[in-house]
Each structure stands twice: as structure tokens, then as C-alpha cells.
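1. here are the coordinates; sequence isn't available:
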């Protein structure tokens, strides 16, 4: 079973408005509310590919109950840790071919809740063949909290695919125990090393070979329409993807993590791991709803992806 962790999930609210005007009333005819958060997108995509998956993390209040109810509707298994605070709303205003987002910070986690979650999480680890951690940490948790969770997984020989950024990722990289995989984009990679990263093979190879990344078996750098660049142990790969019509790119990184984790769990070849992950990412981008993939298009897209050792 793959366990997908979302530490700061949300109720995602979409407001489509023909014209968004400041300082006046904007009326919305149709509203879409979904269980949101990067890890829940991962779980949703895995569920659609007929993988046994369990969603976990922290939720609270009536918004937390809504998140659980929405996952129940989709028949996605879940086992969250209940907190005293209220889970957050994240609002996307879709207007004039633009998207304006209003993201709540979410609940503040107490020290007691932080300690008790780790005990809850230890029980989840037992059921996992591989785990994914996605997204930001809620307020109140220290930057090294993901590092603590990875250490618990390491004690039980469970691999982790990590998709986060900023100080939480820096803490993980400086820790003794490492995740199996990280998936920064080019901008996040630049923030880690303190300089911009050029979009060429030699620059990427140099950056991924820095001591900062020692001990990370897989590094997959998302590069949007340019595909991806990856390092597995001491081997580098350039991943070229076909041009597609993008309907909604939101969640494509989460779909990619889902595919990478699934292929790693199946112990597939390097080429298949990279092809499967990137195919699911593209399939998500072709759909209107975030965290959805149409597997009927899978083989056609996968056949067009090129993975080359560089």
C-alpha cells in the first residue's frame, strides 16, 4: 500500500467569474468545492490507476469533516490525525483566462499535537510499502518535522518520495536519514543552492552533484514543457516530453509524484519510472479537474516520451 501524507490539507474552492472587479460585489453562479492539498491529489491519481492507497495527515473542524466526506465519495481510504484547529480553505478565482488565489495559512499545531501525530504516524508506516509526503508544513511544526518523519520511516526500512520546498527541504537535506526521492522544480533547486540554475545538461549535472544532495538516491527536477532532468545514484537522465494541449496544469507535479512512487514501488526500470511519472503528470494537465487522469490516453503519451542517459 502507498501512503500519501498531506500535513496541511484544504478545502479547495473554485470561483469562475467572467470578469473579476475589485472594490465591488462579484457574484458566482457555480462553485466547486473539493478536498484539496498536494498529497490528496497524489492519492486521487493513485486511486484512479487502481493502486491501493491510504491518505493521511492532519485535519480539524468541520472543514476536516468535509475533506473526509469528499474522500469517502471517491472511495479513497484515509486515516487522518484529528487536531483542535480548523483545516483551511484555499480559494481560486478563475477570471479572464487568469487565476487569482487566496490561500489561508491554516491551523496552528500545538507541541502536544505534534508529538501525538508522530505516534499516530508510526502506526501508519507499518502498512506502507512506500510513502509520499507532499506540500507545506502547517504553522506550529518545526522546519525539521519532515526530517523526523523520514527518520521514523528509515527505522522501519520504508522509502519516502518527498515533494516539498524551502526550509523543510533544507532540513531534510542536512539530516542523516534521507528520502529515496525528491522532486524540486528548477526554481526550487536554485533556491536550495543559492543561485539560478541554467537549463542545460552540464549546469544541471554540476548542481545535482553538489555534496548538499549526497545520500539522495533519486532527484527528479521538473522543468515544465521541457520535461525533466533526473539523477539516479550516479546516472543522469534527460526526459523529453511531447507537446500537448494543456487544459489545467495545477496538480501535474502531484500526479508525477504519484507515478514515480508507484513505479518505484513496483521496482521498475529507471526508464519506466521516469516515463510513468511524467505520463501521469501530462495526463493531469490535459484534464479540467485537478488530480484527475484519463488512462485511455496513457499509452499514446508514454510512447512519445524520450529518456536519454546524458
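-> Received it, and whenever you're ready, just let me know what you need. Computed from a predicted structure; not experimentally measured.
2. which residues are contacting the lowest-mean-pLDDT helix or strand in the chain?
-> Here the helix or strand of the chain ranked lowest by mean pLDDT, DSSP states H and E is strand 98-103, holding a mean of 89. Here strand 98-103 makes contact (Cβ atoms under 8 Å, 6 or more residues apart in numbering) with 10, 20, 88, 90, 91, 92, 93. In this view, the C-beta of every residue, glycine as well, is placed from N, C-alpha and C.
3. among the residues you listed, which pair sits farthest apart?
-> By the measure Cβ to Cβ, 20 and 88 form the most distant pair in the contacts of strand 98-103, at 21.7 Å.
4. out of those two, which sits in the busier spot?
-> A count of neighbours by other Cβ atoms under 10 Å puts residue 88 above the other of residue 20 and residue 88, at 23 against 13.
5. which ones are touching that one?
-> 8, 10, 11, 63, 103, 104, 105, 106, 107.
6. can you check residue 74 too?
-> By Cβ under 8 Å, 6+ apart, the residues touching residue 74 are 44, 47.
7. how near is it to residue 259?
-> Residue 74 sits 19 Å away from residue 259, taking Cβ to Cβ, to the nearest Å as the criterion.
8. residue 225 too?
-> For residue 225, the distance to residue 259 (Cβ to Cβ) stands at 18 Å.
9. looking at the two, which is more packed in?
-> residue 259 (29 against 11).
10. shouldn't the more buried one be in contact with residue 280?
-> Yes: using Cβ atoms under 8 Å, residue 259 makes contact with residue 280 at a distance of 3.6 Å.
11. overlap in contacts of the two?
-> Counting by Cβ under 8 Å, 6+ apart, the residues touching both residue 259 and residue 280 are 45, 49.
12. residue ranges with poor pLDDT in the stretch 1-150 of the chain?
-> The stretch 1-150 of the chain contains no residues with pLDDT under 70.
13. show me the helices in it, by range?
-> 38-48, 61-73, 111-127, 145-155 (DSSP state H, counting those that start in this stretch).
14. run a quick neighbour tally on the closest residue to residue 16 other than its chain neighbours.
-> In space, and not counting its chain neighbours, residue 16 is closest to residue 94: 4.6 Å by Cβ to Cβ, 6 or more residues apart in numbering. Other residues near residue 94 number 17, with proximity taken as other Cβ under 10 Å.
15. need the contact list for residue 94.
-> Residue 94 touches 14, 15, 16, 17, counting by Cβ under 8 Å, 6+ apart.
16. switch those over to a markdown table; also include neighbour count and distance to residue 187.
-> Formatted as a markdown table, those follow (neighbours: other Cβ atoms under 10 Å; distance: Cβ to Cβ, whole Å):
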| residue | neighbour count | distance to residue 187 |
| --- | --- | --- |
| 14 | 19 | 25 |
| 15 | 19 | 27 |
| 16 | 13 | 28 |
| 17 | 15 | 29 |
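17. tell me the one of the residues you listed nearest residue 285?
-> The closest of the contacts of residue 94, once distances to residue 285 are taken by Cβ to Cβ, is residue 14, at 16.8 Å.
18. quick one: the strands in the stretch 151-300 of the chain?
-> For the stretch 151-300 of the chain, the strands defined by DSSP state E, counting those that start in this stretch occupy 159-163, 181-182, 218-222, 228-232, 235-240.
19. name every strand pairing with the second one and say which way it goes.
-> Read it as strand 181-182. Strand pairing for strand 181-182, using DSSP bridges, gives strand 159-163 (parallel), strand 218-222 (parallel).
20. cool, the longest one as well?
-> When pairing is defined by DSSP bridges, strand 235-240 lines up against strand 228-232 (antiparallel), strand 306-309 (antiparallel).
21. chain center to the last one: distance?
-> Okay, so that is strand 306-309. Centroid separation for strand 306-309 versus its chain: 24 Å, with Cα atoms, centre = their mean, to the nearest Å.
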